[in-house]
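Asks: Give me the fold of what follows.
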Amino acid sequence: MLAVSLEVKTNPLQKANFCSRLFVWWLNPLFKIGHKRKLEPDDMYSVLPEDRSQCLGEELQRHWDQEVKRAQKDAQEPSLMKAVIKCYWKSYLIWGMFTFLEEGTRVVQPIFLGKMVSYVENSNSVTLHEAYCYAAGLSTCVLVWAILHHLCFYHMQRVGMRLRVAMCHMIYRKALRLSSPAMGKTTTGQIVNLLSNDVNSKEISKILKSSYLRGLNLASFFTVSKIMIFVTFITNELLDNWIIASQVFVVVMLFEALRFLSILYFPMAIEKVSEAVISLRRIKNFLSLDEIPQLNTQLPSDGEMMVDMQDFTAFWDEESELPTLKGLSFTVRPGELLTVVGPVGAGKSSLLRALLGELPPSQGKVSVHGRIAYVSQQPWVFPGTVRSNILFGKKYKEERYEEVIKVCALEEDLQNLKEKDLTVIGDGGTPLSEGQKARVSLARAVYQDADIYLLDDPLSAVDPRVSRHLFEQCIRQALKEKITILVTHQLQYLKDASQILILKDDKTVERGTYSEFLKSGVDIFSPFEKGNKQPASSPVLGTPTLMSESLVQSLPSPRPSLKDAAPEDQDTENIQVTLPLEDYLEGKVGFKTYKNYFTAGAGWPLITFLILVNIAAQVAYVLQDWWLALWANLQINLYSGALVKEDADVMLLLNWCLRVYSGLTVSTVLFGITRSLLIFYIFVNSSQTLHNKILESILRAPVSFFNSNPIGKILNRFSKDIGHMDDLLPLIFQDFIQAFLLVIGVIGVMVAVIPWIAIPVIPLGIAFFFLQRYFSETSRDIKHLECATRSPVFSHLASSLRGVWTIRAYKAEQSFQELFDAHQDLHSEAWFLLLTTSRWLAVYLDVICAIFVTVVAFVSLILADALTLGQVGLVLSLALTLMGMFQWCIRQRTEVENLMISVERVTGYLDLEKEAPWEYKDRPPPPWTNEGRIWFNSVNFRHTLDGPLVLKNLTAVIESTKKHRSDSYWRGKWHSAGHMKFVFITDSFHLTPAFPTPDSCRDWRDFPQAQPCLDLKSDSPV
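Replies: The predicted structure follows:
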């Protein structure tokens, strides 16, 4: 378990010098650790102060608030885009200028290349000294481009990271402030979607269409430069213009530079900008939803505590004609207990929401003077220990804490938990029954020592004896000097109330004391007797009671008020939320993961065809460059007069070159498009298939799986991981395949043309191999940590949305916002390392490539006399192509492996333990289906193989047409009063795998018709 901590760890980047920042040397110690062992969360560096979630979120929130005020003043809709631009325009302007310089160095490179080829072509036009200067200029440009490119790339990505973190901060902040009507316009899934990748709600058909368009764009990146070169030289040939070698290779390299800008980056920019506009519009719509009005609960000048409601009328839906509450008037002062009763749907919970400020009045007023503690109808616990759930930010004081545990009947429950009150509950923790959650929520409220207590039916989830204990010891004694408003269906307690407020279906109200109702002849029980009134008598004689011996003994002696032991208002501390950090596998992604991924989208025949198409596309691509060099040599012979164009053989040769070159160009285009469409078709099918499989696997998983896996961990698979498989993985994988085959083809041509090129290529390849291997050892762990630290962000959001009313009632929004920021900062630590480590690899790869280009350039000049013009031009142009493509291939290979971690995480859910089959092969005799029966014979039950027995030697028989209370059939020992009924139902419905002893038996389990005939009403309604 990972407790959120705000402890600051030093980031070495803060103290790094200029050279260390430029060449990312400050990361070397981390790579040494990653080379020796698996990286742990403690190995990550602290997020930089300027990248902290709180700082970034508040800055963007300030710009957004200003934009909202401006829009209201001008009677316009606010624009989130304008707020983002005002916040980040300086960063984008500065790094945009550096990008302009970077592209300038890329354009200059073909000019230097052309001058060097001119020297070989005609030594009279360029001297040897000038040629060496051009070679030095080319080498310098290559090195400067490498440094500027990665500097700009890193800082642009960092700006994007900061924008994402700021947006998530604002989204979470807004989620805690949404009004109840606004909550009805969104869902937890939609908010998680905004935090993860926002556009992942596309239908499969739209994803497929989008993928095909991306595939065509990548295919055009692969082929368009070849088409442009083909059209250029064919036009020159048809116009009978002379083409010299220097012109050929300058044009080729300029088209290569233009290819990246016009074919790859420009369409990508349009795509990303359009996605950003759509995302910003969706986020803007969410941020524009209504917020709850801030309820002023400050004490009046005379210091009197009071809850006063006068002629209060309110509507949940403003368009509805029927009010939720109508004409309510009452006043409650310290020491008074107001009980609110009425049938389901009468507005009892809405009354408490109105006191919390959640339901604004349309008429009348409500005044709340004092600090509020609230217990919701559906009790909420957050991921953390039982103690932290009860303290809820208050400092621990043992005497008071123990007293609260006693009055809330939690002593025996805590004794039965393995770690007592330090047991982790909530998402990923030990499961609790609703009755236990209700008592923890009540204990949280009592420990706060508030002035006003709003209790929304906390007695409904517990049995009669525990209910009596809670009412007598907690509500009547511990809270006897407080303002207490209790919503309840247990009418036996009305006689002890100071006031009774009856809400009826027609929204009319009756108010008074128990004695006043009796004197006036008003029957306060008749409207609610059916299904509401619960007996106060003991359970059936001769059966074990539902309470521990110590609890029974505590009933006769009333507890003193807790007021004297109350902590000071300043006695607060950070709320301790504990969220599990996912485990992850060591080492690289296995072959099985790749096999499962590919075969999920297509069969082996189609995969084989895809491999052959890739090989054919690359062969055609490389042969086109080689053939162009032969054509250039032929043109040189024509230019020098060695060949005469009017000669029939020469014309035949020229036409042959033209036809072959045309055929290679057409083949490159066709194979390139076919390859791209096939890859995206297979990968999108794989993503869809795996999505459906893990959905089915999770739906068939036992309840114990959900107890041990936080909701954020599951949502992480379906949002971010599936999103990576839909959008990024097909694109990156195709890019890697193209780059890898291009590198192989380029090296093959270079070595075939000039064999001595193998001398620097072999050590270059070895260096790249070991560098990539050294990098991957650390990169994989960082990617795993990035995925693992992302889940707590989603878990915290989902947990906060479930308990949003409790959080707001306790004024804990700021505390939970700080916790969210801490989770975001932890994720930013991993994300930041993911960005910087990839830059580390890219810088070193490009520096090595720059050295390679320098060697090739100078050696080409030294051996110029022994080489043809086409050989020199081809080798230099291919060396420049290899400069970017070699390191890009290695980086994309690493990125593919990192993205395959998402596939590994998704496929890890394919083999989950499954519930018992929905139907069994054995069939019971026909009469059995007419008379159902459940028979437990000496059943022993534990949640896990190594866990304690929670049912021991249970024997029970429930006959047909009989109605039984679950506590009437217990034999032997049980886990706890609140837990045994939960376990009974869990075992009966196969909600968790049973680990019974050999002599245990449930005879209905063998009959397939049993489960379809059973129905379940959960104590936690859905």
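
Asks: Check which residues of stretch 759-774 are buried.
Replies: Across stretch 759-774, burial judged by 16 or more other Cβ atoms under 10 Å covers 761, 764, 768, 771-772, 774. For every residue, glycine as well, the C-beta is placed using N, CA and C.

Asks: Is it correct that L834 falls within a helix?
Replies: Yes. Residue state for L834 (DSSP: H, G, I helix; E, B strand; the rest coil) corresponds to a helix.

Asks: isn't it right next to I782, touching?
Replies: Yes. Using Cβ atoms under 8 Å, L834 is in contact with I782, at 5.4 Å.

Asks: Among those two, which residue is more densely surrounded?
Replies: Neighbour count, other Cβ atoms under 10 Å: between L834 and I782, I782 has more, with 25 against 17.

Asks: For the more buried one, which three-state class applies?
Replies: Applying three-state DSSP: I782 is helix.

Asks: per-residue pLDDT, P267?
Replies: Looking at P267, its pLDDT reads 77.

Asks: longest helix of the chain?
Replies: Longest helix in the chain, counting residues (DSSP state H): helix 648-699.

Asks: chain center to that helix, what's the gap?
Replies: 34 Å (Cα atoms, centre = their mean, to the nearest Å).

Asks: Show me the two of the buried residues of stretch 759-774 that sit farthest apart.
Replies: Taking Cβ to Cβ, the two most distant members of those are V761 and Y774; they sit 20.3 Å apart.

Asks: Can you list the low-confidence ranges for the stretch 901-1022 of the chain?
Replies: For the stretch 901-1022 of the chain, the stretches flagged by pLDDT under 70 are 916-933, 942-948, 950, 960-1022.

Asks: which residue ranges form the helices in the stretch 301-450 of the chain?
Replies: Per DSSP state H, counting those that start in this stretch, the stretch 301-450 of the chain carries helices over the ranges 348-356, 386-391, 398-407, 411-416, 434-447.

Asks: Tabulate the ones you listed in TSV, adding columns for mean pLDDT.
Replies: TSV is the format used below for the helices of the stretch 301-450 of the chain (pLDDT from 0 to 100):
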stretch	mean pLDDT
helix 348-356	87
helix 386-391	90
helix 398-407	91
helix 411-416	85
helix 434-447	90
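
Asks: Now distance to C133 and mean neighbour count too, for those helices, in a markdown table please.
Replies: Shown next, in a markdown table, are the helices of the stretch 301-450 of the chain (distance: least, Cβ to Cβ, whole Å; neighbours: other Cβ atoms under 10 Å):
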| stretch | distance to C133 | mean neighbour count |
| --- | --- | --- |
| helix 348-356 | 78 | 23 |
| helix 386-391 | 71 | 24 |
| helix 398-407 | 81 | 17 |
| helix 411-416 | 82 | 18 |
| helix 434-447 | 78 | 26 |
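
Asks: nearest to H489, of those?
Replies: helix 348-356 (9.1 Å).

Asks: got the contact list for S676?
Replies: Neighbour list for S676: 215-216, 218-219, 222, 734 [criterion: Cβ atoms under 8 Å, 6 or more residues apart in numbering].

Asks: shouldn't S367 be in contact with E304?
Replies: No. Under the criterion of Cβ under 8 Å, S367 is not in contact with E304, lying 10.9 Å apart.

Asks: Comparing those two, which shows the higher neighbour count?
Replies: More crowded of S367 and E304, by other Cβ under 10 Å: S367, with 14 against 11.

Asks: Apart from its chain neighbours, what residue comes closest to that one?
Replies: Nearest non-adjacent residue to S367, counting by Cβ to Cβ, 6 or more residues apart in numbering: D308, 4.4 Å away.

Asks: beta partners for that neighbour?
Replies: Assessed by DSSP bridges, D308 has beta-bridge partners T331, S367.

Asks: Pull the number of nearby residues for it.
Replies: Using other Cβ under 10 Å, D308 has 15 neighbouring residues.

Asks: any idea how far V332 is from it?
Replies: Separation of D308 from V332 (Cβ to Cβ, to the nearest Å) stands at 8 Å.

Asks: With G357 instead?
Replies: Distance, G357 to V332, by Cβ to Cβ: 17 Å.

Asks: Then R52?
Replies: 44 Å.

Asks: quick one: contacts for R177?
Replies: By Cβ under 8 Å, 6+ apart, R177 lies in contact with 291-292, 813.

Asks: Kindly recompute the last result at 6 Å.
Replies: E291 (Cβ atoms under 6 Å, 6 or more residues apart in numbering).

Asks: can you check S225 too?
Replies: Counting by Cβ under 6 Å, 6+ apart, S225 has contacts 255, 259.

Asks: From M750, how far off is it?
Replies: Taking Cβ to Cβ, one finds S225 at 19 Å from M750.

Asks: again with A445
Replies: With the distance defined as Cβ to Cβ, A445 ends up 76 Å from M750.

Asks: How about Q887?
Replies: Look at Q887 and M750: by Cβ to Cβ, they are 17 Å apart.

Asks: okay, these two: which has more neighbours?
Replies: Comparing Q887 with M750 by other Cβ under 10 Å, the one with more neighbours is Q887, at 27 against 22.

Asks: and the more buried one, what does it touch?
Replies: 845-846, 849.

Asks: so where do the helices sit in the stretch 751-900 of the chain?
Replies: Under the criterion DSSP H, counting those that start in this stretch, the stretch 751-900 of the chain contains helices at 758-802, 804-809, 813-862, 869-907.

Asks: Can you say which of these is nearest to D74?
Replies: Closest to D74 of those, according to Cβ to Cβ: helix 813-862, at 30.3 Å.

Asks: now that closest one and helix 758-802, what's the angle there?
Replies: Put simply, helix 813-862 runs at 170 degrees to helix 758-802, going by axes from the mean of the first three to the mean of the last three Cα atoms, to 10 degrees.

Asks: out of the helices of the stretch 301-450 of the chain, nearest to E897?
Replies: Of all those, the one in closest proximity to E897, counting by Cβ to Cβ, is helix 386-391 (38.7 Å).

Asks: ok, and what's touching that closest one?
Replies: Under Cβ under 6 Å, 6+ apart, the answer for helix 386-391 is 381, 421, 423, 425, 440, 443-444, 447, 576.

Asks: Could you do stretch 688-695 as well?
Replies: 204, 600, 722, 906, 909-910.

Asks: repeat that with 8 Å
Replies: Here stretch 688-695 makes contact (Cβ under 8 Å, 6+ apart) with 204, 596-597, 600-601, 717-718, 722, 725, 903, 906-907, 909-910.

Asks: now those: which count as buried?
Replies: Applying 16+ other Cβ under 10 Å to the contacts of stretch 688-695 flags 596-597, 600-601, 717-718, 722, 725, 903, 906-907, 909 as buried.

Asks: Turn the residues you listed into JSON lines, including distance to S91 and secondary structure.
Replies: Converted to JSON lines, the buried ones among the contacts of stretch 688-695 look like this (distance: Cβ to Cβ, whole Å; DSSP: H, G, I helix; E, B strand; the rest coil):
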{"residue": "N596", "distance to S91": "41", "secondary structure": "helix"}
{"residue": "Y597", "distance to S91": "37", "secondary structure": "helix"}
{"residue": "A600", "distance to S91": "41", "secondary structure": "helix"}
{"residue": "G601", "distance to S91": "40", "secondary structure": "helix"}
{"residue": "R717", "distance to S91": "33", "secondary structure": "helix"}
{"residue": "F718", "distance to S91": "33", "secondary structure": "helix"}
{"residue": "I722", "distance to S91": "31", "secondary structure": "helix"}
{"residue": "M725", "distance to S91": "31", "secondary structure": "helix"}
{"residue": "V903", "distance to S91": "34", "secondary structure": "helix"}
{"residue": "V906", "distance to S91": "35", "secondary structure": "helix"}
{"residue": "T907", "distance to S91": "39", "secondary structure": "helix"}
{"residue": "Y909", "distance to S91": "39", "secondary structure": "coil"}
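
Asks: any low-confidence regions in the stretch 451-600 of the chain?
Replies: 505-508, 521-587.
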